[in-house]
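Participant: Structure of the sequence below:
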Amino acid sequence: MDKVDNPSNQTKPARTILVTGSGGQLGSELRKIAPGYPEFAFIFTSHHDLPVENPEALSKFFSDQRIDYCVNCAAYTAVDKAESEPEKAFLINATAPGLLARECMKLQAKFIHISTDYVYDGSIRRPLREDDPVGTMNVYGASKLKGEQEVVRLNLDALIIRTSWVYSSFGNNFVKTMLRLFGEKEALNVINDQTGCPTYAGDLAEFIMAFVEFFERGNHFKGIVNFCNSGETTWYDFARTIQEFAPKTACVIHPVPTSQYPTPARRPGYSVLDTSKIQGLLGMEIPFWKDSLQKCLKALHVI
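Facilitator: Got it, this is the predicted structure:
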């Protein structure tokens with residue numbers, strides 16, 4: 001467990017933000033920007049520090065700490081592996097968020113939970129709103145949807161943020177995989193019939209902190225909001241754009257349909273998120289996905 005104590009006013013205790021799953025992409029981005037929010041004290045925990053699926057450990061942790069906000073970045077994100085490990089996926093993605101939500105409710109701490117576009121089945125061919133019907137295509141999506149339901153059931157004041165196609169300069173993700181493969185392969189096949197929107201975890205982290213400041217000003221909101229970068233693309237065009245921005249390589253990228261690239265877990269053909277609600281609430285514009293991709297590539301020292 002790491003603590004970042006940086007209160008700007010020494011005469012009063014800093015408001016405390018707990019970030020679970022801090023070793024992942026989003027948790028790492030929150031850690032990166034934490035020094036820019038000196039009015040808050042951050043607690044970053046890994047699974048080793050805080051096993052979020054363990055009710056006894058959670059109860060003790062929350063009784064020992066004064067928590068004002070909890071941002072739950074802990075998740076089982078291996079979409080294909082979840083098909084063969086459903087119990088583990090549901091434990092981390094459904095049971096654990098419910099337990100965290102309940103502890104936050106006890107302390108009247110604001111709970112912010114991260115969910116996914118995979119709670120939709122891709123049958124609606126327009127940007128998806130928060131109140132559109134949900135229907136999952138794989139175990140991962142089903143576990144995340146169950147997590148949303150548990151959070152709502154156990155915490156009447158929680159905020160759930162659905163996001164999509166997350167990447168970062170930290171951890172493993174599509175952008176870093178493509179950069180590696182460009183240097184290893186002469187040719188790649190990338191799916192061109194799944195449409196969504198990449199989300200730079202650095203942008204999501206900034207919007208989460210904007211929500212915290214929104215609540216600190218006395219504003220109230222509970223329920224679900226969508227967040228992804230603006231615009232839409234396919235995995236194939238995403239890969240081509242990464243290659244376009246990165247140093248030139250001889251690797252040739254071929255578009256292929258999903259039918260030619262079978263995976264254990266089915267994916268929705270369309271999962272672009274409508275983000276008008278979050279932009280209206282916070283009064284902030286979300287960056288275009290290509291602009292954010294360039295920010296990530298600069299953080300990786302690729303460009």
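
Participant: Now do the strands in the stretch 51-200 of the chain.
Facilitator: For the stretch 51-200 of the chain, the strands defined by DSSP state E, counting those that start in this stretch occupy 69-72, 110-116, 159-163, 166-167, 187-191, 195-196, 199-200.

Participant: of the ones you listed, which approaches Val252 most closely?
Facilitator: With Cβ to Cβ, the closest approach to Val252 among the strands of the stretch 51-200 of the chain belongs to strand 187-191: 4.5 Å. For every residue, glycine as well, the C-beta is placed using N, CA and C.

Participant: which residues sit against that closest one?
Facilitator: By Cβ atoms under 8 Å, 6 or more residues apart in numbering, the residues outside strand 187-191 that reach it are 178, 181-182, 234-236, 238-239, 251-258, 260-261.

Participant: Just the ones in helices from these, please.
Facilitator: Using DSSP state H, the members of these that fall in helices are Met178, Leu181, Phe182, Trp235, Tyr236, Phe238, Ala239.

Participant: Mind putting the strands of the stretch 51-200 of the chain into a markdown table with mean neighbour count?
Facilitator: A markdown table is the format used below for those (neighbours: other Cβ atoms under 10 Å):
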| stretch | mean neighbour count |
| --- | --- |
| strand 69-72 | 26 |
| strand 110-116 | 25 |
| strand 159-163 | 24 |
| strand 166-167 | 23 |
| strand 187-191 | 16 |
| strand 195-196 | 21 |
| strand 199-200 | 26 |
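
Participant: Export the ones you listed as CSV, with columns for mean pLDDT and distance to Ala265.
Facilitator: CSV is the format used below for these (pLDDT from 0 to 100; distance: least, Cβ to Cβ, whole Å):
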stretch, mean pLDDT, distance to Ala265
strand 69-72, 98, 22
strand 110-116, 98, 12
strand 159-163, 98, 18
strand 166-167, 98, 16
strand 187-191, 97, 13
strand 195-196, 97, 15
strand 199-200, 98, 19
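
Participant: Need the ones you listed in a markdown table (columns: distance to Asp291).
Facilitator: Converted to a markdown table, those look like this (distance: least, Cβ to Cβ, whole Å):
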| stretch | distance to Asp291 |
| --- | --- |
| strand 69-72 | 24 |
| strand 110-116 | 22 |
| strand 159-163 | 17 |
| strand 166-167 | 14 |
| strand 187-191 | 22 |
| strand 195-196 | 17 |
| strand 199-200 | 9 |
